[in-house]
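**Q** Turn this into a model:
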Amino acid sequence: MIERIPTGAPELDTVLGGGIPEHSIVLLAGPPGSGKTILAEQLAFANGTPERPALFLTTTNEPLEKVVRFGQEFDFFDRAAVGTRVMYDSLADVVDAHALPAVIERLVGLLTTVRPSVLVIDSMRALRTYATSDVEHRRFLSELAQRLSAMAITTLWVAEYEDNVAQTPEAAVADAIVLLRTVGNDQRVIRYLQVIKLRGGSYLSGQHAYRLSGRGIDVFPRLADPTDSGLPLPRGRRISMGGDGVDGLMGGGVWRGTSTLVIGPSGSGKTMLGLEFLAQGVRDGRRGVLATLQESRTQVLRARGDVETTFGDDVTFHHRSPVDMYVDEWVHEVLEVVAAQQAELLVVDSLSDLQLASVGSKRFEEYVYSLAQRCARIGVTALLTLESPPIFSLAALTGTSMSSLADNIVLLGYDLQDGVVRRAIHALKTRASDHDDKVRELVLDGRTVHVGDVLPISAPVLGQPVVRRID
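**A** Numbering: from 1, shown residues only. I've put the predicted structure just below:
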């Protein structure tokens, strides 16, 4: 079995199926500014030891002094390790003077003297300029790969390739290919990492978001949970939704581990339903997490003044602005908070902001579905809110396949009669349960929610204004 070595970024190791295969050649590609050198140095400091140091070689793209100077700005950089656990050198002089044949000779000398466990060459593409032909370049890569394999060294080739990386001569020789890239999303730029090739092991497919910071590179593996047919059927005690009459509307509450989607226009009571759900959970001895993308803790306290005393330490607030947000990063943060707090309840308010931060509606639906599957697997009962257009009607499910993503769906809306606006609530769907199929009034008193009488709506049409006959 091939051993794996860490990259210095634990979540990237997860994407790679445990890390980089030992004694392999990895092509790390991406456009300038994508973080290739940062990741390469992070890997070097994570693996270098005094007995088997990491050797970082620059070529002609950047001066060695600049790489070392800027590298010192990162948390992983250990100045005391330079010269002992991590060695820096340059191939620029030898390749300028004697071209590619001299590079092999210089490399063999360095590898024999240093005996590194990890070798980084940054940049490999720059060496292509010194080949007199494509044939010479390919022969150089082939000989280099043979020498490295014989000496049992894990090697990282850094190169400024983008979408055409799979067609490059380096790709044919490499055992693994990792591509870093940036994708525009309106006015924002999102960074993605993708494993193109990995011999001798499995890895997580797809594009995985990552960030560059003072810590180096942080990777957020793509949340794409498959359908789990092994999940247990709903059974045991139901989870109360709280409020007066809400449980009756839902057929006695919701089953543990299910997800409830609450859809409605602004001001219709979505957040209040979520807060009452958490408040009832606290009263029943359960811990919860409120992941809010719209309102801060202060705004929530203004909306319901008894939140502080009711929730105490049993409900954790996770507030994140949707501005410059990576959805993958947010999902991982929320799940980490849920795990750390041993929470049984999760409220997400609201999915609409999550949708704005997603690249495409299809990917947004994958996020929601995967989050619901993950919650079901760990026994967390979730309530998710979604904004709908402000119309005098019940909210509509249009333009998405959201109806299949949640176990339960609650629609909120407005009813206009005799110049008075009243809130309306309807349980559209409750999986494995009977429910009240009537449209009822929803009353908010600032602290809790009440389900009232049946509204005398003659013909409510989802997504269309309510038409009344005037006698």
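**Q** can you pull out the helices in the stretch 251-400 of the chain?
**A** Counting by DSSP state H, counting those that start in this stretch, one finds helices in the stretch 251-400 of the chain at the ranges 270-283, 297-303, 307-311, 327-341, 351-357, 361-378.
**Q** Return the most buried member of the ones you listed.
**A** By mean neighbour count, with neighbours taken as mean count of other CB atoms under 10 Å, helix 270-283 ranks first of the helices of the stretch 251-400 of the chain at a mean of 23. All C-beta atoms are positioned from the backbone trio N, CA, C, and that covers glycine.
**Q** From the chain's centroid, how far away is it?
**A** 26 Å (CA atoms, centre = their mean, to the nearest Å).
**Q** coming back round to it: can I get the helices of the stretch 251-400 of the chain in CSV including distance to S202?
**A** As requested, the helices of the stretch 251-400 of the chain are exported to CSV (distance: least, CB to CB, whole Å):
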stretch, distance to S202
helix 270-283, 39
helix 297-303, 42
helix 307-311, 42
helix 327-341, 20
helix 351-357, 29
helix 361-378, 19
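**Q** out of those helices, which comes closest to G19?
**A** Of all the helices of the stretch 251-400 of the chain, helix 327-341 sits nearest to G19, with 18.9 Å by CB to CB.
**Q** what's next to the closest one, contact-wise?
**A** Here helix 327-341 makes contact (CB atoms under 8 Å, 6 or more residues apart in numbering) with 11, 208-209, 211, 218, 220-223, 287, 289, 291, 316, 318, 320, 343, 346, 348, 354, 357-358, 363-364, 367, 370-371, 374, 378, 380.
**Q** now that helix and helix 361-378, what's the angle there?
**A** 10 degrees (axes from the mean of the first three to the mean of the last three CA atoms, to 10 degrees).
**Q** right, and the helices of the stretch 251-400 of the chain - which one's nearest T448?
**A** For T448, the closest of those is helix 270-283, at 5.7 Å, according to CB to CB.
**Q** which residues touch that closest one?
**A** Contacts for helix 270-283 (CB under 8 Å, 6+ apart): 239-243, 246, 262-264, 287-288, 290, 294-295, 300, 303-304, 307, 310-312, 314-315, 344-345, 347, 349-350, 383, 385-387, 410, 412, 444, 448-449.
**Q** any idea of the mean pLDDT for that helix?
**A** Regarding helix 270-283, the rounded mean pLDDT is 94.
**Q** same question, stretch 419-429
**A** When pLDDT is averaged over stretch 419-429, the result is 90.
**Q** Look at the closest residue to P322 other than its chain neighbours and report its pLDDT.
**A** Leaving aside its chain neighbours, P322 sits nearest to D353 (4.0 Å; criterion: CB to CB, 6 or more residues apart in numbering). With respect to pLDDT, D353 scores 86.
**Q** Contact partners for D353?
**A** L293, Q294, P322.
**Q** again, only using 10 Å
**A** Applying CB atoms under 10 Å, 6 or more residues apart in numbering, we find D353 in contact with T292, L293, Q294, R320, S321, P322, V323, M325, V327, W330, E387.
**Q** Go ahead and confirm L394 touches S268.
**A** Yes: shown here, L394 and S268 form a contact pair, counting by CB atoms under 10 Å, at 9.4 Å.
**Q** related to what we said a few turns ago, looking at the helices of the stretch 251-400 of the chain, which is closest to S34?
**A** Nearest of the helices of the stretch 251-400 of the chain to S34, taken as CB to CB: helix 327-341 at 16.8 Å.
**Q** Domain map for the chain?
**A** What automatic domain parsing lists as the domains of the chain is 4-220, 238-454.
**Q** and stretch 157-168, C-alpha only, in CSV?
**A** Coordinates of each C-alpha in stretch 157-168 appear next as CSV, following Å, rounded to 0.1, in the frame of the first residue of the first chain:
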residue,chain,number,x,y,z
TRP,A,157,6.6,20.4,-9.9
VAL,A,158,5.1,23.9,-9.8
ALA,A,159,4.0,25.3,-13.2
GLU,A,160,1.9,28.2,-14.6
TYR,A,161,-0.6,26.1,-16.5
GLU,A,162,-4.3,26.5,-16.5
ASP,A,163,-7.1,24.6,-18.3
ASN,A,164,-4.7,23.0,-20.7
VAL,A,165,-2.7,21.3,-18.0
ALA,A,166,-3.7,17.8,-19.0
GLN,A,167,-2.1,18.3,-22.5
THR,A,168,1.3,19.3,-21.2
